[in-house]
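K.L.:
pasting the structure only:
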């Protein structure tokens, strides 16, 4: 793990991985959107409304995966003072927050025709809303101090403690009686969803994951280059004095 603490080495690896992630995102999202919006059949109960699922479900997965990335990177930064890990946590936060917001918005659009309301204080919906606030809290706390190191530590502690919400989101439909449907893809015994719907859902999930990886690496690269530029400017000021 300490190998990746070297920014130059990380940039070389990211420079190879990011184009691959971008290519995978393009090659999966384009056919995924085609199958999701045009080629897949309507649901026998939900009709055409089911097409929201192909955006909502992958965005929900990425909302949880993004926070897991944020929490793990924060823990590594807190324990080992890993410089790239802290940048990874800060870079993952806005991306994960965007996927969480997309999940909430599409869930409301899906819930209106299915439940007759835009929002209910359901266990799954409420825990995802808490996740969104955790993202916002992390970003606000990270920039709340004049000392970036103190802000990073405080935000990192929040991220690690808030990680308990991820399994609550995952198992909320099993632990409580909720309106939200139970898992139909990632469950014991295999998926219960029809293959004609599983294919576009899988393509969208892979595409969203690759897009997340591309955005995360781009953000980390930008943060490293910005830090390098800032250090060069400070060194120039010291020489001028």
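P.N.:
Structure received. If you're wondering where the values come from, they're calculated on a predicted model, not measured in any experiment.

K.L.:
Excluding residues flanking it in the chain, which one is nearest residue 41?
P.N.:
For residue 41, ignoring the flanking residues on the chain, the nearest one in space by C-beta to C-beta, 6 or more residues apart in numbering is residue 196 at 5.6 Å. The way it works is simple: take the backbone N, C-alpha and C, and place the C-beta from them, glycine included.

K.L.:
which SSE is that neighbour in?
P.N.:
Residue 196 belongs to helix 195-240 when assigned by DSSP states H and E.

K.L.:
And the pLDDT at the residue nearest to residue 41?
P.N.:
In this model, residue 196 is scored at 82, pLDDT.

K.L.:
which regions of this protein sit below the pLDDT cut-off?
P.N.:
Residue ranges of the chain with pLDDT under 70: 1-5, 174-177, 179-192, 234-241.

K.L.:
Now with 90, please.
P.N.:
Low-confidence segments of the chain (pLDDT under 90): 1-11, 41-50, 80-84, 110-124, 145-149, 170-198, 225-241.

K.L.:
Show me the helices in it, by range?
P.N.:
Along the chain, counting by DSSP state H, helices occupy 7-34, 53-80, 83-115, 123-142, 148-162, 165-175, 195-240.

K.L.:
Turn the ones you listed into TSV, including distance to residue 43.
P.N.:
As requested, the helices of the chain are arranged in TSV below (distance: least, C-beta to C-beta, whole Å):
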stretch	distance to residue 43
helix 7-34	18
helix 53-80	8
helix 83-115	10
helix 123-142	19
helix 148-162	34
helix 165-175	19
helix 195-240	8
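
K.L.:
could I get those helices as CSV with distance to residue 40 and mean neighbour count?
P.N.:
As requested, the helices of the chain are exported to CSV (distance: least, C-beta to C-beta, whole Å; neighbours: other C-beta atoms under 10 Å):
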stretch, distance to residue 40, mean neighbour count
helix 7-34, 9, 15
helix 53-80, 8, 22
helix 83-115, 15, 21
helix 123-142, 24, 19
helix 148-162, 35, 18
helix 165-175, 24, 16
helix 195-240, 5, 16
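
K.L.:
Specify the stretch among these that is closest to residue 42.
P.N.:
helix 195-240 (9.9 Å; C-beta to C-beta).

K.L.:
list the helices and strands that closest one packs on?
P.N.:
With contacts defined as 3 or more C-beta pairs under 8 Å, 6 or more residues apart in numbering; DSSP states H and E, helix 195-240 has these neighbours: helix 7-34, helix 53-80, helix 83-115.

K.L.:
Dump those helices to a markdown table, plus distance to residue 170.
P.N.:
A markdown table is the format used below for the helices and strands packed on helix 195-240 (distance: least, C-beta to C-beta, whole Å):
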| stretch | distance to residue 170 |
| --- | --- |
| helix 7-34 | 23 |
| helix 53-80 | 7 |
| helix 83-115 | 13 |
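
K.L.:
Tell me which of those helices approaches residue 216 most closely.
P.N.:
Taking C-beta to C-beta, helix 83-115 is the member of the helices and strands packed on helix 195-240 nearest to residue 216, at 5.6 Å.

K.L.:
Now do the helix holding residue 196 against helix 53-80, angle only.
P.N.:
Put simply, helix 195-240 runs at 40 degrees to helix 53-80, going by axes from the mean of the first three to the mean of the last three C-alpha atoms, to 10 degrees.

K.L.:
Much appreciated, bye for now.
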